[in-house]
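Participant: Just the structure for this:
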Amino acid sequence: MIFKAVGDSRPYPDHGLVTPTDWSGIAPRQVRLDELITTKTTLDLATLLDADSTFYGDLFPHVVRWDGHLYLEDGLHRALRAALHHRTVLYARVLELSPVRGARGAEPESVRTPR
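Facilitator: I've put the predicted structure just below:
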């Protein structure tokens, strides 16, 4: 199995990071593919095979760590391409998102951007 699980939604609260510029403050780090839970169930094959697929976007996938799990928010085609090249890890920007302690619901306590 390539990923830990295949999901079809983002179970974590909105973190407000939308553009590659928003994510650029988070330094990339290695992430194991078998620890990732996808947030999409489908992939456009043309995107996967396009040599310039990262030309206008971030070079690194976006991952959200929430509730002890790593969710692959953006970069499914990059992660799958790494797996097809027999790699078990890839570099990704990982946002640490913490739930509020003792509160009901999933509201973010803090968004920590490592520098």
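
Participant: Can you give me the neighbour number for residue 28?
Facilitator: Here the number of neighbours of residue 28 (other Cβ atoms under 10 Å) works out to 16. Any C-beta I mention is one placed from the backbone N, CA and C, and that applies to glycine too.

Participant: let me redo that: residue 29
Facilitator: A count of nearby residues for residue 29, using other Cβ under 10 Å, gives 13.

Participant: how close does it get to residue 65?
Facilitator: Relative to residue 65, residue 29 is positioned 11 Å away (Cβ to Cβ, to the nearest Å).

Participant: Spit out the residues that contact these two alike.
Facilitator: Common contacts of residue 29 and residue 65, defined by Cβ atoms under 8 Å, 6 or more residues apart in numbering, comprise residue 94.

Participant: For the chain, which segments count as helices?
Facilitator: Remark: helices assigned in the chain by DSSP state H are 20-23, 45-49, 76-84.
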